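Trainee: Here is my input; please provide its structure:
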Amino acid sequence: MTELLDQPASLDGTPTRYDLVDCDVHPIMKGGMGDLRPFLSHTAQRRLGLDERRSLSTIGHREPVSIPRNMLYVNQSGVLRDDARAPDGSAPGADPAFTAQQLLDGNAIDRAVLIGGEVLGLGAMPDPDAAAMIASAYNDWLAATWFDADERYRGYLVVGAQDPQQAATEIRRAAADRRFVGVLMPLTNILMGQRHYYPIYEAAAEVGIPIAVHPNSGEGIFRTSPPMAGGTPTYYVEWHTGLSQVFQANVISLVVHGVFERFPNLKVVITEGGLGWIPDVMWRLDKNVKGLRDEVPWVKRLPSEYLVDHVRFTTQPMPEPRRRSHLHTLLEIAQAERTLMFSSDYPHWDFDDPRHVLTTLPDAVRERVKAANAIETYGDRL
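Mentor: Residues are numbered from 1 along each chain as shown. Next up, the predicted model:
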């Protein structure tokens, strides 16, 4: 099995100008939500409580507007690397220059794709207009604060999926800046295959950028976040380990609802969603669709083929079996030479150092994962 994987990939192995692309880096707002104030209209500032009527200082106080996040399941050591703090003492991941020095220069990363860590829970906000306001301001903040700071930064524009028409409008607006390479769609309690999301997919396909999803830190906590199977977890380790079930359910939904038939050029990036569940979903779907094709006649190909052609996964968190051969078998089944892209998850506690994680991959897979798959997924915007 490993010998097969170590053979040269059958795909085009033409060298590229990038050797390493990191597909999951989280920028942090130094001043919290107050950083968005310059990018909001006065009306939006007042609506969100970010105007001059109150201090924007958050020391010892809650922020005026709060995006739902996990406050129940707490990692006792925290979730951010303390060594990622900039010299000015700001939060880990809050200084574009220091992040470039520590992460990009330190690991010879040619491109870093930014995923807004503080807006991941936007899908759980009950007010769709507030979510849309925050998303638009955040996109402008990301471009001005991070893209302008270092040419190696790229990023996902974020939308509020509660109102798909507003989200589609924001995709078309923000994507005019070609440094945005995809759309971050914070997950809600509506599975991704549902027609609710079609305007978002249509806009992303029109612009030519992928949709990305990521754990939103509200799973199983808020009514409007994705539910967890079996009920509410007890411990952080239980909650954190069970997050992959959310992505399994959404990939199944995308396939059986025919999203990739309706939007044949759409790609979906499952970021930080794990890998171990991929074979089971492929095999079960292939078997079940064969026997239940009358229920979903629009599924015209094997589900596993849709996954390989349309769904991409990121390495972090990389499975760590005791036997390296087990990982290689998993990668072969998932066709990782086409579907897998490197990600570090900087500056989080479970950061994956490329100098270590990439050595666990077979040679042919490693070279594709480092950059080529990302280049094919994001295109010339990268």
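Trainee: residue ranges with poor pLDDT in the protein?
Mentor: Along the chain, the parts satisfying pLDDT under 70 run over 1-16, 54-63.
Trainee: distance from the centroid: which residue in it tops it?
Mentor: Distance from the C-alpha centroid of the chain peaks at residue 53, with 35.1 Å (Cα atoms, centre = their mean).
Trainee: which residues touch stretch 191-208?
Mentor: With Cβ atoms under 8 Å, 6 or more residues apart in numbering as the test, stretch 191-208 has contacts from 159, 161, 164-165, 167-169, 171-172, 175, 182-183, 185, 190, 210-211, 213, 249-250, 252-259, 262-263, 265-266, 268, 379. The C-beta positions use only the backbone N, C-alpha and C, and glycine is treated the same way.
Trainee: Which of those residues fall within helices?
Mentor: 164-165, 167-169, 171-172, 249-250, 252-256, 259, 262 (DSSP state H).
Trainee: Please, a ChimeraX command that selects the buried ones among these?
Mentor: This is the ChimeraX syntax for the buried subset of those, where burial follows 16 or more other Cβ atoms under 10 Å:
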select :164,167,168,169,171,249,250,252,253,254,255,256,259
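Trainee: Return the member of the ones in helices among the contacts of stretch 191-208 nearest to residue 21.
Mentor: Residue 21 lies nearest to residue 171 out of the ones in helices among the contacts of stretch 191-208, by Cβ to Cβ, at 22.1 Å.
Trainee: Please report how far the closest one lies from residue 183.
Mentor: The gap separating residue 171 from residue 183 is 6 Å, by Cβ to Cβ, to the nearest Å.
Trainee: Determine the residues that are contacts of both of the two.
Mentor: In contact with both residue 171 and residue 183: 157, 159, 200, 203, 204, 209, using Cβ under 8 Å, 6+ apart.
Trainee: Closest one to residue 36 out of the ones in helices among the contacts of stretch 191-208, please.
Mentor: residue 167 (17.7 Å).
Trainee: residues near the residue nearest to residue 103 when sequence neighbours are not counted, how many?
Mentor: Nearest residue to residue 103, sequence neighbours excluded (Cβ to Cβ, 6 or more residues apart in numbering): residue 346, at 5.0 Å. The tally of other residues near residue 346 (other Cβ atoms under 10 Å) stands at 26.
Trainee: Kindly report the same for the one 3 residues further on.
Mentor: By the criterion of other Cβ under 10 Å, residue 349 has 13 neighbours.
Trainee: Would you mind measuring from it to residue 82?
Mentor: Per Cβ to Cβ, residue 349 is found 10 Å from residue 82.
Trainee: One more: residue 238?
Mentor: Counting by Cβ to Cβ - residue 238 and residue 82 are separated by 25 Å.
Trainee: next one: residue 360
Mentor: Distance from residue 360 to residue 82, by Cβ to Cβ: 26 Å.
Trainee: okay, those two: which has more neighbours?
Mentor: Neighbours were counted for residue 360 and for residue 82 using other Cβ under 10 Å; residue 360 has more, 17 against 10.
Trainee: Surely that one and residue 321 touch.
Mentor: No - using Cβ atoms under 8 Å, residue 360 is not in contact with residue 321; the gap is 9.9 Å.
Trainee: tell me, what's touching those two both at once?
Mentor: Joint contacts of residue 360 and residue 321 (Cβ under 8 Å, 6+ apart) are residue 327.
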